[in-house]
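K.L.:
got a structure for you, letters missing:
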């Protein structure tokens, strides 16, 4: 399979975007619906409704996007060292990767955590661990992103205690908690509790944050993982909007005012390799959210209808073969995110098909962002592709198609019902299978894989990091020590209070913060939730 | 000859299930009977299923890097359950570990980037349902 067979077969037109939108040989004014006046109404100016052209008037002239490489492994100290390294290299904010036991609410000494401690992220068992993680990093100055979902309220509580110990008030904290549990059921699969109590916990966090953490984003509604799991750009936007609607409905049911909480909602999209479709997708997402916020939720505050997003480059576009090619892929994806108006960006390490990125790969990813920011000039004007016949046509098309996806989900009864029925999961799995067949049959060219494959490609030996065989043992010893040193009675009382609040319609955050302060572990707090809410088991996909 | 019976599972805590589901669909299209045990399956659960279902091959997918320890535990669990069945492993597996897994007794290793037809053929070969050298039939 080394010949460069052209893409396209009977089922898909030869010239179509990755999500199947047909592409004409050339675009002209007539391809943009409704003529110039209509287009101006659909675009507005950057920073103005409907925000198609960007959430802020000055865009990158005012402030570059936040460069936020996802990092964390091993112990809090090891991760702290990686954070300091990244900041010393010009990274402008932090993004914490947690290990799987932390994501699923198991302490490092739990039997179920065996083999996984510190492996895909940092192990956090206690507020003390969180304090160590940010040792010497002033939390009133550094914005921190947390990729945490099922245990998001618990991890947030440990973070609030860590900030408290630095003498930083909650009102000063900036950053983002992913806290999007719906996409865990949909695609990312790090769920713990059943959907209903999970939604309640997510809403508890947003409600608490809207009162106590005015500068913090308490959720990042995420299409990224559904996309990585297989769906296309159109479905990514439709599914993300369906989730956002579900959270907002839950919050407004509680009596929260949309105009007050919605300005702190943030979003997270993938940026893949179909450059123009991705730019159009990001523009369409902003316009669609504006419409949903104003038409459905009656937003009057423009900030409540202004979509801000974090872009993660796509790991599934990268290959284990000829890994240096991934550097190029990542640069193009980063450019797409910038042209699409991202507020913060993560660029993949070129070695991610082999391991958690090495320090070298992470540095190169950061340099990729810096080169695009400082050397290419693409930051000089807002929305540089605005008004392009092709990009505007695609933006209209994606908005219309994503609206149709959203309508399909609404017909089932909304995001939660659709998930329970497994409908979007099937879209994702079917699309992933098709993509793999297309790859195998050569219908979708992949350089170094099904075209120009073979040993003659750029040779590069991935330098494999040697994991520290002692790391897990040290973390377990530390947690054991801390459990022995705490006031056991006060901790047990705090956990009982948490159980009481969990069993009632009362926000769990104050009790979680008190428990974290009393030295309760992430596993113990999760066990309270497991007792009260039960655990979710995914039904068979077939 | 009965249809090859394949048990697939994701042991450990890793949730990346795109790959295992795609492999399941590929195996089905190739005529296999696939029993997918889902996420966070323990070695003991997998071994019990392998024995109860009289599986021809067991396949696990691990993308968290925990494949070495998990493979060892599962091999032991299969022995304990009296299930004499080949085990194959796919996922984010560096080359040095692929060799180590084969030495442990893993019948086949499919690192990230292995083309789907090769995975399908490799699993069926391990199941004894495909003669060596007849991979082209599956392609």
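P.N.:
Noted; the coordinates are in hand. Source: prediction; values computed, not measured.
K.L.:
need the contact partners of stretch A:323-333.
P.N.:
With contact meaning C-beta atoms under 8 Å, 6 or more residues apart in numbering or on different chains, stretch A:323-333 is reached by A:271-273, A:275, A:278, A:313-314, A:317-319, A:347-348, A:350-354, A:364-365, A:368, A:371-372, A:447-448, A:457-458, A:460, A:462. For the C-beta atoms, the positions are set from N, CA and C on the backbone; glycine is no exception.
K.L.:
got the buried residues for the strand or helix carrying residue B:46?
P.N.:
Following DSSP states H and E, one finds residue B:46 within helix B:43-52. By neighbour count with 16 or more other C-beta atoms under 10 Å in any protein chain shown, helix B:43-52 contains the buried residues B:43, B:46-51.
K.L.:
redo these as TSV? Include distance to residue B:75 and pLDDT.
P.N.:
Shown next, in TSV, are these (distance: C-beta to C-beta, whole Å; pLDDT from 0 to 100):
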residue	distance to residue B:75	pLDDT
B:43	9	97
B:46	11	98
B:47	9	98
B:48	15	98
B:49	15	97
B:50	11	97
B:51	14	96
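K.L.:
how big is the angle separating the longest strand seen in chain B from helix B:43-52?
P.N.:
Ranked by number of residues, the top strand in chain B under DSSP state E is strand B:33-41. If you take axes from the mean of the first three to the mean of the last three C-alpha atoms, to 10 degrees, strand B:33-41 sits at 160 degrees to helix B:43-52.
K.L.:
ok, back up a step: and chain B, which of the contacts of stretch A:323-333 contact it?
P.N.:
Among the contacts of stretch A:323-333, the residues lying close to chain B (C-beta under 8 Å from any C-beta of the partner chain) are A:319, A:353-354, A:462.
K.L.:
and the least confident of those residues?
P.N.:
On pLDDT alone, residue A:462 ranks lowest of these, at 76.
K.L.:
isn't it right up against residue A:357?
P.N.:
No - here residue A:462 does not reach residue A:357: they are 10.4 Å apart, not a contact under C-beta atoms under 8 Å.
K.L.:
more crowded one of those two?
P.N.:
In terms of neighbours (other C-beta atoms under 10 Å in any protein chain shown), residue A:357 is the more surrounded of residue A:462 and residue A:357; the figures are 23 against 18.
K.L.:
helix, strand or coil: sort out the residue lying closest to the more buried one once chain neighbours are set aside for me.
P.N.:
Leaving aside its sequence neighbours, residue A:357 sits nearest to residue A:349 (C-beta to C-beta, 6 or more residues apart in numbering or on different chains; 2.8 Å). Three-state call for residue A:349 (DSSP: H, G, I helix; E, B strand; the rest coil): coil.
K.L.:
and the residue in the stretch 251-400 of chain A that chain B sits nearest to, how many neighbours?
P.N.:
Across the stretch 251-400 of chain A, the shortest distance to chain B (C-beta to the nearest C-beta) belongs to residue A:320, at 3.5 Å. Close neighbours of residue A:320, defined as other C-beta under 10 Å, add up to 21.
K.L.:
repeat for residue A:276
P.N.:
Quick note: residue A:276 (other C-beta under 10 Å) scores 18 neighbours.
K.L.:
quick check: it touching residue A:393?
P.N.:
No - at 9.8 Å, residue A:276 does not count as touching residue A:393 under the criterion of C-beta under 8 Å.
K.L.:
looks to me like residue A:24 is in a strand.
P.N.:
No - with three-state DSSP as the criterion, residue A:24 is located in coil rather than a strand.
K.L.:
surely it is in contact with residue A:16?
P.N.:
No - with contacts counted by C-beta under 8 Å, residue A:24 stays clear of residue A:16, the gap being 10.5 Å.
K.L.:
looking at these two now, which is surrounded by more residues?
P.N.:
Under the neighbour definition other C-beta under 10 Å, residue A:24 and residue A:16 were set side by side, and residue A:16 has more, 15 against 11.
K.L.:
hey, what's the more buried one bridged with?
P.N.:
Beta-bridge pairing of residue A:16, defined through DSSP bridges, involves residue A:22.
K.L.:
any weak-confidence spans in the chain?
P.N.:
In the absence of a named chain, this looks at chain A. Where chain A drops to pLDDT under 70, the residues are A:1-13, A:455-459, A:466.
K.L.:
oops, I was thinking of chain B
P.N.:
Within chain B, the ranges that satisfy pLDDT under 70 run B:1, B:131-139.
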